[in-house]
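Visitor: Sequence unavailable; structure follows:
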Ligand SMILES: O=C(O)c1cc2cc(O)c(O)cc2[nH]1
């Protein structure tokens, strides 16, 4: 089957919107996509995408009428009908109540700290080609670190760009983002605020309007997230048990670097992980090899080498290097 490659470099409708309130320039989105080839191999989604738009649109699946679409698809500007509510404040009151009722308040400061440093992960997929992917991913990491009030070493961002994406029936620039975090971080009111702020960030970073972005906030409990061979729940249990007894030891499955009295060493590059991965903590990262800006590469390499907190106010004092300790260097 012949593949048609089409590069869309300007999207007037998008670029009109890609203007920041303070008139800062916004990267013009570039998308590369293979539009559906009309013909017998077209999938259901492809055929659906080619259907002429009339309102209301009736989707016929097999012999059955599935449903009428009585509102515009994501990205359609205008025509969005808001339903008047007879009790405007009820849902707000209800979510505020649930947010309060189910918020996790740790009285134990050690547990509170673990929680405040739990990983927040964002998976981004977009049909836009992002040329400065390091800048983009770094900026998004810092944005999320502010939004979720945790060190940059607790943020994970993955980026898949130049993806073929049909978003609301068009191939115009768009993105989807899934954010995984503890349920306490993803309460309704927090999500409302973060949705607006994260989508504003995405508009500034890649020029895609909020109506062409879809966010999913995915609460992931302590039991369902793990790092370095241990769930967050496991780490919390270890804290409750006190120093010296880790989950693996309690289960009789000691991991070699876990046999000593436990001191919390969270952070992806923490030296505890070196024996398991077999990667030297002093090896240059890809960022260094790619010649990323010094500030960025230092920040990221800093935490690869075991510095947990990168925010200047919290950055721990660097300890003497191994070489300095062995050879008495200053
Ligand atoms: O064992 C730890 O230090 C540990 C496990 C774990 C799991 C998790 O999902 C986190 O976000 C942090 C974390 N630390």
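Guide: Yep, it's here. No experiment lies behind these values; they were computed from the predicted model shown.
Visitor: ok, now how distant is residue 131 from the ligand?
Guide: Per Cβ to the nearest ligand atom, to the nearest Å, residue 131 is found 31 Å from the ligand. Placement of C-beta: from N, CA and C, glycine included.
Visitor: same question, residue 167
Guide: Counting by Cβ to the nearest ligand atom, the gap from residue 167 to the ligand is 30 Å.
Visitor: Chain neighbours aside, what residue packs nearest to that residue?
Guide: With sequence-adjacent residues excluded and distances taken as Cβ to Cβ, 6 or more residues apart in numbering, residue 167 is closest to residue 174, at 3.5 Å.
Visitor: residues touching the one you found, list them.
Guide: 75, 126, 127, 128, 165, 167, 168, 208, 212, 213, 214 (Cβ atoms under 8 Å, 6 or more residues apart in numbering).
Visitor: ok, now residue 217?
Guide: Residue 217 neighbours (Cβ under 8 Å, 6+ apart): 179, 181, 186, 191, 194, 195.
Visitor: Kindly report the residues of the stretch 1-150 of the chain close to the ligand.
Guide: 118, 119 (Cβ under 6 Å from any ligand atom).
Visitor: Now the host helix or strand of residue 214: average pLDDT?
Guide: In this assignment (DSSP states H and E), residue 214 forms part of strand 213-219. Over the span of strand 213-219, the pLDDT mean works out to 98.
Visitor: That strand close to the ligand?
Guide: No. Using Cβ under 6 Å from any ligand atom, strand 213-219 stays clear of the ligand, coming no nearer than 12.6 Å.
Visitor: Angles on the backbone of the residue nearest to residue 167, please.
Guide: phi -160, psi 170 (degrees, to the nearest 10).
Visitor: List only those of the contacts of residue 174 flagged as buried.
Guide: 75, 126, 127, 128, 165, 167, 208, 212, 213, 214 (16 or more other Cβ atoms under 10 Å).
Visitor: so what's the fourth one up against?
Guide: Read that as residue 128. Counting by Cβ under 8 Å, 6+ apart, residue 128 has contacts 29, 30, 31, 161, 162, 173, 174, 175, 206, 207, 208.
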